[in-house]
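J.: Structural data only, the sequence is not supplied:
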């Protein structure tokens, strides 16, 4: 499964010959294409095709084919079909040697194929056990979604999948309309091909501008199995949410300042809250205070403000931690009675977790997942709850489910941080550092990550990296001390906090 969001700067157009070769590779994942065969499909000589691939893609055809085959295997494993076996998937995708496939898969994706497959079984079981119910939400974005276009042999599956997708979108807080004229966005879908070459394609279009915002493709045979279709629909709705959220934020940003309602102000504030950095936090709180002045019962604004205020304590953005914590508690308790929307509940769960109200946070997150089992934010927060309660194995599983659902979400980096913290709790310090390094690459302004990255370096014996990490931390927080670190730490297990403080002390952070 592939989800793609269109960027403003498009890549250079590929030559027709390269496009033809790529289309053939994608349409026949697992086929052992030779350069000669691809050249015939492309309509050029083998030498020309080799040169064009290197010039436009930076890789030879065989290397690109290997990437496509690995992506195909990854998609099948993430789909988690009942009875799926790693060896069968590997062979279908062109990897006859299971051991070599597993080694390279782990290098590419940071886990073994069996771990990926096992996690999908956990996700499917969790969806089945969640008592789904619908909660009406105010000011939902509206998406027009009609029948999925399909040939006669796929009409039944298309109809069933369309119904499941409409349900999944509704659970995700998205209103579904039947006519494009009554909606801001239009979701169109089609099923093409047959057998193993069947492909489901979906596109999200902004009705106002006609611009395509998002595209999704699912390759491989579709099965007439309701649980599989429901699983797929949940994943599609989850993959759509970050793009739709960004589109709604952009829409609010385009509005004149004189026309802003409470919801527009909350949307404008959201990127600052999600940034988890000091500048974004301060900017967001100004907007959220305005939103709550306009509408004291606006659930999203209240939950975001509760989270933003406790961020100031945990990430050392304030010199008045007690006042910020008190304001966060006040707003979090107020927000509990305002909304049952999954996204709002997930935001509230973040605030309650950092306030060390773990039992209440767990109840809120369970409710979020019962509303929308595909909420990446709720899965991520449930993983963080496991980190705080000292269950690293479950934490890693849940945080990776969040990444599977929405790898391009603006909060995905925080799931990477959480996986690093879980590995730290398990004593895998080098692995903890690796995941937190990835988080910083994705979100360089989150300097507070060094607070746990530096100790991971210390405990893994990477002294030079630990010194550089501490220098980065003190560069952002020059007055930071061990006592301030202790006061600002989220509710991690005591043994974890002691290791962090001792390691920071060893590397030179003053008391």
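T.: Nice, I can see it. Here the structure is a predicted model, which means the values were calculated and not measured.
J.: ok, now which ones touch the residue sitting nearest the centre point of the chain?
T.: In the chain, the C-alpha nearest the mean C-alpha coordinate belongs to residue 406, at 2.9 Å (C-alpha atoms, centre = their mean). By C-beta atoms under 8 Å, 6 or more residues apart in numbering, residue 406 lies in contact with 238, 239, 241, 242, 376, 412. For the C-beta atoms, the positions are set from N, CA and C on the backbone; glycine is no exception.
J.: wait, residue 59 sits on residue 68?
T.: No: Residue 59 is beyond contact range of residue 68, at 10.8 Å (criterion: C-beta atoms under 8 Å).
J.: So which of those two has more stuff around it?
T.: Remark: of residue 59 and residue 68, residue 68 carries more neighbours, 19 against 13, as counted by other C-beta atoms under 10 Å.
J.: Who's the closest spatial neighbour of the more buried one, skipping the chain neighbours?
T.: Closest residue in space to residue 68, ignoring its immediate chain neighbours: residue 25 at 4.9 Å, by C-beta to C-beta, 6 or more residues apart in numbering.
J.: same question, residue 53
T.: Per C-beta to C-beta, 6+ apart, closest to residue 53 is residue 61, 5.1 Å.
J.: Count residues in the vicinity of that neighbour, would you?
T.: 25.
J.: Relative to residue 444, how far out is it?
T.: Separation of residue 61 from residue 444 (C-beta to C-beta, to the nearest Å): 35 Å.
J.: What of residue 255?
T.: As defined by C-beta to C-beta, residue 255 lies at a distance of 30 Å from residue 444.
J.: How about residue 329?
T.: For residue 329, the distance to residue 444 equals 31 Å [C-beta to C-beta].
J.: quick one, which of the two is more surrounded?
T.: residue 329 (17 against 12).
J.: Name the residues of whatever helix or strand that one lives in that are buried.
T.: Residue 329 belongs to helix 321-335 when assigned by DSSP states H and E. Residues of helix 321-335 classed as buried: 321, 324, 325, 327, 328, 329, 331, 332, 333, 334, 335 (neighbour count, 16 or more other C-beta atoms under 10 Å).
J.: do stretch 440-451 as well
T.: Buried residues in stretch 440-451, counted by 16+ other C-beta under 10 Å: 440, 443, 446, 447, 448, 449, 450, 451.
J.: just stretch 169-178 next, same as before
T.: 169, 170, 171, 172, 173, 174, 175, 176, 177.
J.: Averaged pLDDT, the lengthiest helix in the chain. What do you get?
T.: Of all segments of type helix in the chain, defined using DSSP state H, the longest is helix 226-254. Mean per-residue pLDDT for helix 226-254: 88.
J.: cool, stretch 202-220 as well?
T.: The model assigns stretch 202-220 a mean pLDDT of 89.
J.: So residue 20 versus residue 42, what's the distance?
T.: Distance, residue 20 to residue 42, by C-beta to C-beta: 5 Å.
J.: between the two, which one's more packed in?
T.: Between residue 20 and residue 42, counted using other C-beta under 10 Å, residue 42 has the larger neighbour count: 25 against 18.
J.: helix, strand or coil for residue 509?
T.: coil (DSSP: H, G, I helix; E, B strand; the rest coil).
J.: Could you check how many residues crowd around it?
T.: Residues within reach of residue 509, counting by other C-beta under 10 Å, total 20.
J.: can you list the domain ranges for the protein.
T.: Domain assignment for the chain by automatic domain parsing gives 9-129, 142-236, 255-373, 390-511.
J.: Span of the longest one from start to end?
T.: The first residue of domain 390-511 is 26 Å away from its last residue (C-alpha to C-alpha, to the nearest Å).
J.: sorry, back to before: do you know the pLDDT at the residue nearest to residue 68?
T.: 91.
J.: So which residues make contact with the strand or helix carrying it?
T.: Element membership of residue 25 [criterion: DSSP H and E] is helix 16-27. Residues from elsewhere that reach helix 16-27, judged by C-beta under 8 Å, 6+ apart: 14, 31, 33, 38-39, 41-44, 48-49, 52-53, 56-57, 61, 64-65, 68, 193, 197, 219.
J.: and it, which residues are buried?
T.: 17, 18, 20, 21, 22, 24, 25, 26.
J.: Give the next helix or strand downstream of that helix.
T.: The helix or strand immediately downstream of helix 16-27 is helix 35-42, counting by DSSP H and E.
J.: Please enumerate residues in contact with that following helix?
T.: 17-18, 20-21, 24-25, 45-46, 48-50, 61-62.
J.: could you redo the last one with a cut-off of 10 Å?
T.: With contacts defined as C-beta atoms under 10 Å, 6 or more residues apart in numbering, helix 35-42 is touched by 15-25, 31, 33-34, 44-50, 52-53, 60-62, 64-65.
J.: of the contacts of residue 406, closest to residue 298?
T.: Taking C-beta to C-beta as the measure, residue 298 sits nearest to residue 241 out of the contacts of residue 406, at 20.1 Å.
J.: Can you tell me how far the closest one is from residue 392?
T.: Using C-beta to C-beta, one gets 27 Å for the distance from residue 241 to residue 392.
J.: Comparing the two, which residue is more hemmed in?
T.: Comparing residue 241 with residue 392 by other C-beta under 10 Å, the one with more neighbours is residue 241, at 25 against 22.
J.: That one contacts residue 172, correct?
T.: Yes: the pair residue 241 / residue 172 is scored as a contact, 5.8 Å apart, by C-beta atoms under 10 Å.
J.: what is in contact with the two at once?
T.: Common neighbours of residue 241 and residue 172, counting by C-beta under 10 Å, 6+ apart, are 141, 342, 343, 372, 374, 375.
J.: In PyMOL, how would I select just the buried ones from the residues you listed?
T.: Only the buried entries of the shared contacts of residue 241 and residue 172 go into this PyMOL selection, using 16+ other C-beta under 10 Å:
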select buried, resi 141+342+343+372+374+375
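J.: May I see the shared contacts of residue 241 and residue 172 organised as CSV, with distance to residue 118, secondary structure and pLDDT added?
T.: Listed next are those as CSV, based on distance: C-beta to C-beta, whole Å; DSSP: H, G, I helix; E, B strand; the rest coil; pLDDT from 0 to 100:
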residue, distance to residue 118, secondary structure, pLDDT
141, 34, coil, 89
342, 25, helix, 91
343, 28, helix, 92
372, 23, coil, 91
374, 19, coil, 91
375, 21, coil, 93
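J.: can you pull the pLDDT of residue 511?
T.: The model's pLDDT for residue 511 equals 85.
J.: helices and strands around the helix or strand hosting residue 436, which ones?
T.: If you go by DSSP H and E, residue 436 is part of helix 429-442. The helices and strands touching helix 429-442, judged by 3 or more C-beta pairs under 10 Å, 6 or more residues apart in numbering; DSSP states H and E, are helix 392-405, helix 412-425, helix 450-460, helix 463-476.
J.: returning to that earlier point: and the contacts of residue 406, which of them are buried?
T.: 238, 239, 241, 242, 376, 412.
J.: OK, contacts around the first one?
T.: By C-beta under 10 Å, 6+ apart, the residues touching residue 238 are 3, 168, 172, 372-377, 379, 401-402, 404-406, 409.
J.: wait, which of the buried residues of helix 16-27 is closest to residue 488?
T.: Using C-beta to C-beta, residue 26 is the member of the buried residues of helix 16-27 that lies nearest residue 488, at 48.2 Å.
J.: That closest one and residue 505: what is the separation?
T.: Going from residue 26 to residue 505 by C-beta to C-beta gives 54 Å.
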